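K.L.:
would you be able to build a 3D model of this:
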Amino acid sequence: MELETTETESETTNTGDTSTEIEGNGTFTQDQVNKIVIKRVKEVKAQFKDYKSLQDTVTTLTAQVEALTAEKDTVKKQYLDTAFSSLLDSTAMNLNLDPELALKLLDKDKLIFVEDKPTNLKELLHAVIEKHPSLVKKVVITPVIPSVTLTEGEKNFSLHKTSKSNFFSGGGLKAATLISK
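P.N.:
Numbers count the residues shown, from 1 in each chain. Just a heads-up that it's a prediction; the model follows:
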């Protein structure tokens with residue numbers, strides 16, 4: 001193998017017990033070439049000495065990323081299921097439907113999702129109502145009587161009985177004062 005050098009340049013190399021001088025014409029001995037190659041191989045190996053540990057780190061990090069991605073997908077699916085169930089429950093209740101029955105009768109193949117939210121849920125529930133009108137709960141309005149805590153001296157209402165048992169003719173509620181003992 002020949003390398004170009006100037007004629008004035010000379011180099012001394014140690015080869016164990018002997019030393020060799022590079023001749024001015026640029027030719028190298030086999031021993032000199034071997035030493036140059038060994039030196040260059042050591043330099044390259046030094047550059048990549050941490051390659052195995054870096055490769056192990058990359059493998060470990062790749063496995064962790066895959067595990068986190070799978071966990072993220074699972075959590076996202078749970079979130080979407082919960083959000084859908086909540087939306088279905090509130091929409092069904094607004095339409096006076098039992099949410100469990102509505103879910104069973106809903107044609108899930110016709111649901112259209114935009115940004116993970118169903119856009120036609122109300123229309124599909126109306127279709128369920130048209131197909132099964134007996135599922136609609138009858139609305140019963142019951143009056144709500146506020147609860148009031150009475151203290152001593154406040155008036156308490158009790159049923160006042162008269163000789164006639166008719167509530168509207170003399171009977172009914174009558175104010176009575178609490179008597180403290």
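K.L.:
and the helices in this structure?
P.N.:
Across the chain, reading from the start of the chain, the helices by DSSP state H fall at 30-47, 51-94, 99-105, 121-131.
K.L.:
select, out of those helices, the one closest to I141.
P.N.:
Evaluated with C-beta to C-beta, these place helix 51-94 nearest to I141, the distance being 15.8 Å. C-betas here are computed from N, CA, C, even on glycine.
K.L.:
other SSEs contacting the closest one?
P.N.:
On a contact count with 3 or more C-beta pairs under 8 Å, 6 or more residues apart in numbering; DSSP states H and E, helix 51-94 meets helix 99-105, strand 117-118, helix 121-131.
K.L.:
below-threshold pLDDT in this protein: ranges please.
P.N.:
Per-residue confidence of the chain (counting by pLDDT under 70) places the weak regions at 1-25, 139-140, 148-181.
K.L.:
the same query, at a cut-off of 50, please.
P.N.:
Across the chain, the stretches falling below the confidence threshold (pLDDT under 50) are 1-21, 171-172, 177-178, 180-181.
K.L.:
ok, back up a step: closest to K72 out of the helices and strands packed on helix 51-94?
P.N.:
Distances from K72 to each of the helices and strands packed on helix 51-94 were compared by C-beta to C-beta, and the smallest falls on strand 117-118, at 19.2 Å.
K.L.:
and that closest one, what does it pack against?
P.N.:
The helices and strands touching strand 117-118, judged by 3+ C-beta pairs under 8 Å, 6+ apart, are helix 51-94.
K.L.:
return the angle between stretch directions for the helix it packs on and helix 121-131.
P.N.:
Computed with axes from the mean of the first three to the mean of the last three C-alpha atoms, to 10 degrees, the direction of helix 51-94 lies at 40 degrees from that of helix 121-131.
K.L.:
thinking again about what came up before, which among the helices of the chain is found nearest to S147?
P.N.:
When the helices of the chain are compared for distance to S147 using C-beta to C-beta, the nearest one is helix 51-94, at 25.7 Å.
K.L.:
mind putting the helices of the chain into CSV with distance to I112 and mean neighbour count?
P.N.:
Listed next are the helices of the chain as CSV, based on distance: least, C-beta to C-beta, whole Å; neighbours: other C-beta atoms under 10 Å:
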stretch, distance to I112, mean neighbour count
helix 30-47, 57, 11
helix 51-94, 13, 11
helix 99-105, 17, 15
helix 121-131, 9, 16
